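1. Show me the folded form of this:
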Amino acid sequence: MSDTNQPRPMDHLLHLRNARAQRVPWADVAKALLALEQRGPLDETGHPWIQVAAGVSGYSSNHLRRMTKAWQAILEIGRAYPGHTDRLRGLSASHAEVLARLWQAAPDKVHSLLIAERWPAYGDLLALYEASRIRQGAPAAAGRLAASAFRRRVQSLLADHITTGEVIAPYLYHTYAKTDFLHVTATVPITVHAAYDCLVVPPKIDADLVQRRFLSLATEASFFDRFWLVLSDAHNLNPIMSSIDILGLTNMGVMVPAGSRLDIIHHPIGPPFPDRRPLHRAFMARNGQRILAKWQRRKE
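-> So this is what the prediction gives:
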């Protein structure tokens, strides 16, 4: 039996309707959108909730996403420092957004702000974040290096298990399917066996980031028979597997490196839906020889 007291999507959309013109508090806007996205990233017609919200609220999708990220950070900071929730919830959207960034860059600075007698002006808060961000630049660069090293490892593992006349090559040539690697024949006409995308899994997974990443992955996967998501680690798979299930990504599999092999932890179960494979086959028929020549030059 359904719970008649459970808010319906229309209830949340009413909170969002003309929100900008009516000056609805930013936190209420963020909470309404997050409540919709808790049902899944798409509405019943297949449109992302954030696009639906942008259409009725007067805010751009980018502005709405900044609000939700800021509000989620406010909640997280409030859980860490429950004695300061009133100050946190009273912040303007601009202050909350900078504070959210500072929370990621230097959490200790946030605590110092909360226990201070006066809250800083926006310019001072922004300057504090910028100084902290510069100090955090080295770890960010290290993260990019780790992602690059992981892609090289995956490419090597894949290359060890292909047959003569096949290649594992980076693929950046299609506008809507820029996946990390393709497993293809090394002759024209090119036959695509599978696509691979690599993801370094952080110790703490941001479910919101996973949802946004999967909106692009869902598009990429629709161009291929098999689309493999290669994870650096198999911990905390729930947000990833949930996204695969909710979006109906039947041709997507998941694997993780294990020594000198790649272990499959989720098998593809069917063809892509929607099926854009004919579009990609036509693209490769037109451009395959040029792409193959580029791959060959990269090897030389």
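2. Where does the nearest residue to H235 once chain neighbours are set aside fall, secondary structure wise?
-> Spatially, and ignoring its direct neighbours in sequence, H235 is nearest to V201 (6.8 Å; Cβ to Cβ, 6 or more residues apart in numbering). Yep, even glycine has a C-beta here, placed from its N, CA and C like the rest. Assigned by DSSP states H and E, V201 falls within no helix or strand.
3. show me what contacts R65?
-> R65 sits next to 50, 212 when contact means Cβ atoms under 8 Å, 6 or more residues apart in numbering.
4. Next, it: phi, psi?
-> The phi and psi values for R65, taken as degrees, to the nearest 10, are phi -70, psi -40.
5. Restrict the helix or strand encompassing H15 to CA atoms and write it as PDB.
-> Assigned by DSSP H and E, H15 belongs to helix 9-16. What follows is helix 9-16, C-alpha atoms only, in PDB (Å, rounded to 0.1, in the frame of the first residue of the first chain):
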ATOM      1  CA  PRO A   9       6.900  14.900  -7.300                       C
ATOM      2  CA  MET A  10       4.300  17.500  -8.000                       C
ATOM      3  CA  ASP A  11       4.500  18.800  -4.400                       C
ATOM      4  CA  HIS A  12       8.200  19.400  -4.800                       C
ATOM      5  CA  LEU A  13       7.800  21.000  -8.200                       C
ATOM      6  CA  LEU A  14       5.200  23.400  -6.800                       C
ATOM      7  CA  HIS A  15       8.000  24.600  -4.400                       C
ATOM      8  CA  LEU A  16      10.200  25.200  -7.400                       C
END
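6. So what's the gap between it and the chain middle?
-> How far helix 9-16 lies from its chain's middle: 25 Å, per Cα atoms, centre = their mean, to the nearest Å.
7. and that helix, which residues are buried?
-> The neighbour-count check on helix 9-16 (16 or more other Cβ atoms under 10 Å) flags 12-13, 15-16 as buried.
8. Turn these into TSV, columns for distance to L217.
-> Shown next, in TSV, are the buried residues of helix 9-16 (distance: Cβ to Cβ, whole Å):
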residue	distance to L217
H12	26
L13	27
H15	30
L16	27
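9. between the residues you listed, which is closest to M252?
-> Using Cβ to Cβ, H12 is the member of the buried residues of helix 9-16 that sits closest to M252, with 29.1 Å.
10. Can you read off the pLDDT for the closest one?
-> Turning to H12, the model gives it a pLDDT of 80.
11. swap in P9?
-> pLDDT for P9: 68.
12. For the residue nearest to H235, what are phi and psi?
-> Recorded main-chain torsions at V201 are phi -90, psi 120, according to degrees, to the nearest 10.
13. how many neighbours does it have?
-> 17 (other Cβ atoms under 10 Å).
14. Next one: it from N62, what distance?
-> In this view, V201 and N62 are 26 Å apart by Cβ to Cβ, to the nearest Å.
15. now G123
-> Counting by Cβ to Cβ, the gap from G123 to N62 is 23 Å.
16. any weak-confidence spans in the chain?
-> 1-7, 9, 134-143, 298-300 (pLDDT under 70).
17. can I see the domain layout of it?
-> 9-135, 146-299 (automatic domain parsing).
18. How far does the first one sit from its chain's centre?
-> Centroid separation for domain 9-135 versus its chain: 18 Å, with Cα atoms, centre = their mean.
19. mind listing what's buried in the host helix or strand of D124?
-> Using DSSP H and E, the element containing D124 is helix 122-135. Using 16+ other Cβ under 10 Å as the test for burial, helix 122-135 gives 125-126, 128-129, 132.
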